[in-house]
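1. following is a predicted model, sequence given first.
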Amino acid sequence: MDDILKGKKAALIDMDGVIYDSMKYHAKAWELMMAEAGIPCTAEDVYINEGMTGPALINLLSQRAFGHGVSKERANELYGLKTKYFRQVGRNEPMPGTDRMLKALECMGIRRVLVTGSSQSTLIDNINNDYPNAFIPGDKVTANDVTKGKPDPEPYLKGLAIAGVKPEEAFVIENAPLGVRAGKAAGLFTIAVTTGPIPREAFEKEGADIIFPSMPDFADYLTTLCRDKVSE
Ligand code: CA
């Protein structure tokens, strides 16, 4: 079997749609908040722009509807409201297959670093309960650590610095086209896992190096790879 992870020492792992099956709840929270704000927003808008910071998405959709963005204060206020709705409608629901995926990486001695554009503490603070020992404390980059969110490479460059490895020794695990763009812009081998409604073509367009159709499929691949390595 082809070892796509030959020479890799660190995995930079996205959270929403990878660690947690949370995108459906984010979409719901966005729709509730934007309806209240009077800015047209569909679940599809949320999925296709996933990875962008909250205020950036508010500005993008306001621009699309009215030809202008909103003030920084208004964007922060609206994003705060979205965060509140997410707390109400969201669950920290682990993505099926991710536990096996993380364990297979551990089995291969690959360090795991969380790289998320989110600042949603209801999820970030629960990772160690839901995935004990999957991440070393401090091995994480969140929205609070960066000035530019995805698709800018900054979050992944910071993750790389935390792991302390060369770009060719790390890889990205993403579920969103803009996340793939960020990973590629950081010069990293980028694995896309289609865990939501976005078609495969969107990930091909962003230059994903390999695309898995589901998290259980990716976990199966890694588990086999790990077995091969152990028996070598
Ligand atoms: Ca994601």
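-> That came through fine. Numbering: from 1, shown residues only.

2. buried residues, stretch 119-132. List them.
-> For stretch 119-132, a neighbour-count test (16 or more other C-beta atoms under 10 Å) marks Gln120, Thr122, Leu123, Ile124, Ile127, Tyr131 as buried. The C-beta positions use only the backbone N, C-alpha and C, and glycine is treated the same way.

3. likewise for stretch 167-187?
-> Within stretch 167-187, the residues scored as buried using 16+ other C-beta under 10 Å are 169-186.

4. equivalent analysis for stretch 7-24, please.
-> Using 16+ other C-beta under 10 Å as the test for burial, stretch 7-24 gives 8-24.

5. next SSE after the lowest-mean-pLDDT helix or strand in the chain?
-> Counting by mean pLDDT, DSSP states H and E, the weakest-scoring helix or strand in the chain turns out to be helix 121-124, with a mean of 86. Downstream of helix 121-124, the first helix or strand assigned by DSSP states H and E is helix 127-130.

6. tell me the helix or strand right after that next one.
-> Taking DSSP H and E, what comes next after helix 127-130 is strand 140-141.

7. nearest residue to Gly109 in space, please, no chain neighbours.
-> Leaving aside its sequence neighbours, Gly109 sits nearest to Lys9 (C-beta to C-beta, 6 or more residues apart in numbering; 7.7 Å).

8. distance of the one you found from the ion?
-> 23 Å (C-beta to the ion, to the nearest Å).

9. try Leu160
-> Separation of Leu160 from the ion (C-beta to the ion) stands at 18 Å.

10. next one, pLDDT for that residue please.
-> Looking at Leu160, its pLDDT reads 97.

11. please apply the same query to Glu232.
-> As predicted, Glu232 sits at a pLDDT of 63.

12. could you number the chain from 2 rather than 1 from now on?
-> Got it, the first residue is 2 from now on, which makes the last one we talked about Glu233.

13. about what we covered before: now, which of the buried residues of stretch 8-25 lie within helices?
-> Counted as lying in helices by DSSP state H, out of the buried residues of stretch 8-25, are Met24, Lys25.

14. so which residues on the chain come close to the ion?
-> Proximity of the chain to the ion (C-beta under 5 Å from the ion) is limited to residues Asp15, Asp17, Gly18, Asn176, Ala177.

15. strands along the chain, start to end?
-> Per DSSP state E, the chain carries strands over the ranges 11-14, 112-116, 141-142, 171-175, 190-194, 211-213.
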